[in-house]
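> I'll drop the sequence and a predicted model, then ask my questions.
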Amino acid sequence: MGLLKHILLGDFGQSLDISETAERVELQEKAQQLQSSRLRSKDLEIARLKTHTEKLHLAISGLTKYLITRGIVAENDLAAYLDEIDATDGTHDGKLPFSNSPAKPRLIIPE
C-alpha cells in the first residue's frame with residue numbers, strides 16, 4: 001500500500017510513511033531499553049550472588065580448617081559426615097539442594 005499511498009497522496013502519503021516508521025523505531029528503541037535494563041538488573045543480581053557465595057565459601061573453609069587444625073574433628077570423619085549429609089536428598093552428587101518450602105531452615109542430622 002506504500003506505493004499506492006505515494007501515488008494518491010503524494011508528499012502527504014510519504015509523510016505518513018515516515019511518521020509510521022518513526023513510531024516503529026521509537027517502539028523498538030523502548031523495547032531495547034527495557035531489555036537492556038533487565039540485563040543490567042540480572043548482572044547486578046549475579047554479582048550479588050557471587051559475592052555472597054564467596055563469603056560463604058570463606059566462612060565454611062575457615063571453619064573447616066579451624067576444626068581440623070584444632071583437632072576438634074578428624075578430616076576423614078568430617079569427609080564421611082559430609083557424605084552422609086549429601087545422601088540425605090537421595091542423590092550422592094556432592095551438593096544439597098535448597099528447600100523450596102517457606103518454613104524455617106532446619107538442621108539435618110543423619111543417623
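Perfect, I can see it now.

> ok, longest helix in this structure?
In terms of residue count, the longest helix belonging to the chain (DSSP state H) is helix 11-69.

> what mean pLDDT does that helix have?
Across helix 11-69, pLDDT averages out at 90.

> Tyr81 - how many residues pack around it?
Tyr81 has 13 neighbouring residues, counting by other CB atoms under 10 Å. Where C-beta positions appear, they are placed from N, C-alpha and C, glycine not excepted.

> cool, Thr51 as well?
Neighbour count of Thr51, defined by other CB under 10 Å: 10.

> same thing with Asp89?
Using other CB under 10 Å, Asp89 has 13 neighbouring residues.

> picking that back up, for the longest helix of the chain, name the packing helices and strands.
helix 2-9, helix 75-87 (3 or more CB pairs under 8 Å, 6 or more residues apart in numbering; DSSP states H and E).

> how would you label Asp89: helix, strand or coil?
When classified by DSSP: H, G, I helix; E, B strand; the rest coil, Asp89 comes out as coil.

> before we move on, back to that, weakest of the helices and strands packed on helix 11-69 in terms of mean pLDDT?
helix 2-9 (a mean of 65).

> what's the spacing between the spatially most central residue of the chain and Gln14?
Closest residue to the average C-alpha location of the chain: Ile46 at 5.4 Å, with CA atoms, centre = their mean. Relative to Gln14, Ile46 is positioned 47 Å away (CB to CB, to the nearest Å).
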